[in-house]
Structures are given as C-alpha cells and as structure tokens.
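Asker: I would like to see how this sequence folds:
(one chain, ligands or ions: 2)
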Amino acid sequence: MESSELKKIIQGIPKAELHLHIEGSFEPELMFEIAKRNNITLDYDSVASLKKAYKFNNLQEFLDLYYIGAQVLLHEQDFYDLTWAYLKKVHSQNVVHVEVFFDPQTHTDRGIPFEVVINGIYKALEKAKDELNISYKLIMSYLRHLSEEEAFKTLESSLPFKHWIDGVGLDSSEKGNPPSKFTKVFKASADEGYKLVAHAGEEGPAEYIWEALDVLHVQRIDHGNRCLDDAVLVQRLIQEKIGLTLCPLSNIALKVIQKMQDHPVLKMLDKGILATIHSDDPAYFGGYMNENYYETAKALNLNKHHLMQLAINAFEVSWLDPETKEKHISEVQNYFSALSS
Ligand code: HPA
Ligand code: ZN
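Answerer: Ligands and ions are numbered 1, 2, ... in the order given. As a prediction, the model looks like this:
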C-alpha cells in the first residue's frame, strides 16, 4: 500500500485509545506555556532543547524526565489544559473512545491535592464527551516504585471521587517491582468497585504477566510484549480473551525493541491474541494513535484486515458496555467494507 493511502485509511478508522498516560501527553510547547504562568523555570531554555533531551535507553531514563515535566502542573487549570489538549488532538485523529491513566502520586507527593488533579482532568473529559462526542473511562494508576502502603493512601484519597474513576492500573519502573508487591491494594481496589489493569511484560518478564493475572486478577494487560516467551501464557491470554494494549512507538523509544520490524503485534494477531495499539506517552515518543498505527503497519506490512482487527480488538477489550462496543465494532466493519467496494 502507498504511504498516502495507508495514512488516509488509518485516519478514517474509528479508534479507541486504551493506553495513554495523561502526563505523557504533555507537549513541550504547553509545558513551557504553563511553566511561564506558574513562574517555574525549566532546566531547558527552549522547546527545541527540551525535545533534544528526549532520547532514552530504557524505561527509567524516560520516567526520570517524565516526572520532572509533570512538576510544572500545579493548578486545576493546568490539568484541564493538559487533558483538553490531548482530547482535541485525538479527536482530529478520529479517536472516539479513550481510557486515560493518571498518576495521582506524581502530584500528591509534591503537595498538589488529589482533588485539584482529578477536577481538572474530569472537567476536560466531560467537555470532550459533550462537545467532541468522545466517550471515556478514567484509570488511576499506582506508581510501582513506591510502596504498597503509599498506594493504599492513594486509594483512600480517591474514594470521594469514586464515581468518576473506573479502574486502577500499575505503572512506573517495572523491573524489581513485580505485580505481587501490590496484591492487597489491588484486592482492596476491586472491593471498592474499581476495574483492574496493570503494566506487565514491557521490560519485565512473562512471569510478571502471570502475576498480574493470577495474583492481581487484572482484566487487561498494558504492554505484555514478553508474553510470546511463554506458550502456555499465550494460550491463557487467548482462552480468557485478555487484551494487550501495545504501544509500538513507545517500545522503540524505550528500546524494548530495536526496530519496528521486530514488533510482536503481528505475531500476536496471527495467534489470535486480542492485541491493540496505543500511544502510551505521545508527547515523548513521537506520535499519537495514527502515527502508531502507521509506523507499525508500514514496518510489518499490515493489510486492511490486520488494521480492522486491531481497531475491533480495542473496542472489544474496552470497558464500554456491550451494546456500545457492538455499535463501534459495526462502524469499524462498515468502514472497511466501504473501502473494499
Ligand atoms: N511504562 C511504565 N510506566 C509508565 C509508562 C510506561 O510505558 N508511561 C508512563 N508511565
Ligand atoms: Zn504505559
């Protein structure tokens, strides 16, 4: 397929984004603007010099910069502007449903109240629902480099806002911080009615994916690249229809894979795993949903059927109700039928 045709097809697909850290959508231009109005001096003298620093050898090198960037966010308006900018951007890419992560501890540990963070994010999500027709779910993520006790404090702080939060996740430094470290707080989160997901098998081993499933009882795995190391695990993922939210440009940027041709998503689709594609931290990794689809499709020579399957899988493993899922899946199918006729 020609590049321009491929781009046009991808643009037109109604898409769901299920793996997006709102703090990772903080574009340098907006970061400078908010820093200025908050009287914060960044360590970089221009957008260009900040962008130059976006070179990572692993997850930790990225996280170090990502947490520094987030320090610019102080007020409800800042969280609102951050979230609204993301939603406008993905609306332009025909994303119709989002499930967004936020990291409360990144902010509460700096003295920003939980409610300041969530009010800003929530108001932007509601506006997007009304004005852009984007549906959403909100996922609060525990930072796995911190203790389980600290995650419990975050759970506690979230309870007044329970009606705005759909689930909990687990992110940050994976190696050395296995899912089992958070067994009790995931159980307590489920008892509060939260749905469960966890990052696993990005840099960590397949064993962490087993733990996320068997010990934390998550419904979906974020990344999950390493599942292909374990044939029994692959069968389990297929049988239980566990979705994997893969992030190809993130995997390249963090050197989880060396080149896009090595990305496991095609092998996963061929095996019948419910693999999906998302952007993770688009401001840091060089692309939003369309760019992730495009770079993957180009490198792996994906055909229209693969693209359709990726889009359908995302709705399938989303947290939308069954009728809304069906509606979106039909729209994807109709879109591809119209293309081939
Ligand atoms: N992995 C783990 N933690 C993260 C990521 C990621 O890709 N992005 C933001 N927090
Ligand atoms: Zn992530």
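Asker: so for stretch 330-341, what gets flagged as buried?
Answerer: Neighbour-count burial for stretch 330-341 flags 332, 335-336 (criterion: 16 or more other C-beta atoms under 10 Å). The C-beta positions use only the backbone N, C-alpha and C, and glycine is treated the same way.
Asker: adding pLDDT, write these out as CSV.
Answerer: Listed next are those as CSV, based on pLDDT from 0 to 100:
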residue, pLDDT
V332, 98
Y335, 98
F336, 98
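Asker: tell me the pLDDT at S341?
Answerer: S341 carries a pLDDT value of 67.
Asker: i'd like the first residue to be 37 from this point on
Answerer: Renumbered: residue one is now 37, and that last one reads S377.
Asker: residues of the stretch 87-236 of the chain that sit close to ligand 1?
Answerer: Where proximity means C-beta under 6 Å from any ligand atom, the interface of the stretch 87-236 of the chain facing ligand 1 comprises 95, 207-208, 235.
Asker: you'd agree L66 is up against Y116?
Answerer: No: if you go by C-beta atoms under 8 Å, L66 and Y116 don't touch, sitting 11.6 Å apart.
Asker: could you give me the buried positions within stretch 246-263?
Answerer: Counting neighbours by 16+ other C-beta under 10 Å, stretch 246-263 gives 246-249, 251-252, 254-263 as buried.
Asker: before we move on, what about stretch 139-147?
Answerer: Judged by neighbour count (16+ other C-beta under 10 Å), stretch 139-147 contains these buried residues: 139-144.
Asker: quick one: which of those is nearest ligand 1?
Answerer: D139 (6.9 Å; C-beta to the nearest ligand atom).
Asker: for that closest one, give me its contacts.
Answerer: Neighbouring residues of D139 by C-beta atoms under 8 Å, 6 or more residues apart in numbering: 57, 59, 106, 177, 179, 207-208.
Asker: can you give me phi and psi for it?
Answerer: Torsion angles at D139 (phi, psi; degrees, to the nearest 10) stand at phi -110, psi 90.
Asker: would you mind measuring from it to G105?
Answerer: Going from D139 to G105 by C-beta to C-beta, to the nearest Å gives 12 Å.
Asker: overlap of the contact sets of those two?
Answerer: With C-beta under 8 Å, 6+ apart as the test, D139 and G105 both reach E59.
Asker: low-confidence ranges, the stretch 37-186 of the chain, go.
Answerer: Filtered on pLDDT under 70, the stretch 37-186 of the chain yields no residues whatsoever.
Asker: show me the contacts for the residue of the stretch 37-186 of the chain found nearest ligand 1.
Answerer: Proximity to ligand 1, evaluated over the stretch 37-186 of the chain using C-beta to the nearest ligand atom, is greatest for H57 at 4.1 Å. With contacts defined as C-beta under 8 Å, 6+ apart, H57 is in contact with 102, 137-139, 177, 207, 316-317.
Asker: for the residue of the chain found nearest ligand 1, what are its contacts?
Answerer: Nearest residue of the chain to ligand 1: D207, at 3.5 Å (C-beta to the nearest ligand atom). Contact partners of D207, counting by C-beta under 8 Å, 6+ apart, are 57, 137, 139, 177-180, 235, 258.
Asker: let me know the closest of the residues you listed to I278.
Answerer: D258 (11.3 Å; C-beta to C-beta).
Asker: name the nearest residue to that closest one, sequence neighbours excluded.
Answerer: Nearest non-adjacent residue to D258, counting by C-beta to C-beta, 6 or more residues apart in numbering: H235, 4.2 Å away.
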